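# Build me a model from this:
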Amino acid sequence: METDNQGRLVLYRLLAWLSPAFPVGAFSFSHGLEAAAEAGAVHNRASLQDWIAAIVAKGAGRIDADILREAYRAARAGDAGALRSANQRGVAFRGTAETRLETTAQGKAFLDTCVAAWPDRFLSGFADDAAAVCYPAAIGAAMARAGVSLEWALTGYLQAMAANLVSAGLRLGTIGQTDGQRIMAALEPIIGAAVAGALTRDRDAFGSAALAVELTSMAHETQYTRLFRS
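Residues are numbered from 1 along each chain as shown. Prediction:
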């Protein structure tokens, strides 16, 4: 019974921390999707689905999964230096100013809220020490401290990333609600493969290959009218 109760508490934190209601401000970012929609590169369900799949598998999703994994392992071992290194790598490895803002704004908001509501000395030290907090590093460290499995943490993070991009597509008028759920259903194997890759990939095989996303992010910086911060 004790083990069952602990499992429920772990699941509760996973759901709470990755809920759209958790105050990280994810709704205000589109990861360049707004510029892609403006240019017509993303204009319907199929194109939005392909765009999100590329981000998850080859773009920020791949980078973030690796950073989350390294931060998770560092926090689980209580290694503040390794966590600092993973976080710095996650902050630095951003193609544009807006994607850097996206990860650091959400990372700080998440970590500040997390340690305020679920106090943890190790996470508080991380928050005090880091000049800028990378969102996946903050998530990975918190999940490790809570006892959430790495596989669950990665799956939840990538699902939340995809869901936020679908939500951005909805607000841009690219798709409707039902098509949004069709996209989420179609992305299940993509996210599953991305998690499997992150669990087995060598640390040195770090990087991304989603140049179109970075180009649209650059274009978004000077876009005349904008709904989103990225």
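# my read: residue 156 touches residue 16, true?
No - with contacts counted by CB atoms under 8 Å, residue 156 stays clear of residue 16, the gap being 10.8 Å. Yep, even glycine has a C-beta here, placed from its N, CA and C like the rest.
# the more surrounded of these two?
Under the criterion of other CB atoms under 10 Å, the comparison of residue 156 against residue 16 puts residue 156 first, with 22 against 14.
# Would you state the predicted confidence (pLDDT) at the more buried one?
What the model reports as pLDDT for residue 156 is 98.
# phi, psi of the residue nearest to it when sequence neighbours are not counted?
Nearest non-adjacent residue to residue 156, counting by CB to CB, 6 or more residues apart in numbering: residue 18, 4.7 Å away. Torsion angles at residue 18 (phi, psi; degrees, to the nearest 10) stand at phi -100, psi 10.
# Report how many residues lie close to residue 18.
21.
# Could you do the one 4 residues further on as well?
Burial measure for residue 22: 18 neighbouring residues, criterion other CB under 10 Å.
# what sits up against stretch 196-208?
58-60, 62-63, 65-66, 68-70, 89, 93, 95, 150-151, 154 (CB atoms under 8 Å, 6 or more residues apart in numbering).
# The same query, at a cut-off of 6 Å, please.
The contact list for stretch 196-208, computed with CB atoms under 6 Å, 6 or more residues apart in numbering, reads 59, 62-63, 65-66, 69, 154.
# Run through this protein and note the low-pLDDT ranges.
Counting by pLDDT under 70, the ranges of the chain that qualify are 1-3.
# can you give me the helices for it?
Taking DSSP state H, the helices of the chain run over residues 2-17, 33-39, 45-58, 60-77, 80-92, 97-117, 121-129, 135-146, 150-171, 177-186, 188-200, 211-220.
# Run the angle between the fourth one and helix 135-146 for me.
Spelled out, it's helix 60-77. 30 degrees (axes from the mean of the first three to the mean of the last three CA atoms, to 10 degrees).
# one step back: would you check that the residue nearest to residue 156 makes contact with residue 160?
Yes - taking CB atoms under 6 Å as the definition, residue 18 is a contact partner of residue 160 at 4.5 Å.
# Check the burial of the closest residue to residue 167 other than its chain neighbours by counting its neighbours.
Leaving aside its chain neighbours, residue 167 sits nearest to residue 27 (6.9 Å; criterion: CB to CB, 6+ apart). Residue 27 has 13 neighbours, counted by other CB under 10 Å.
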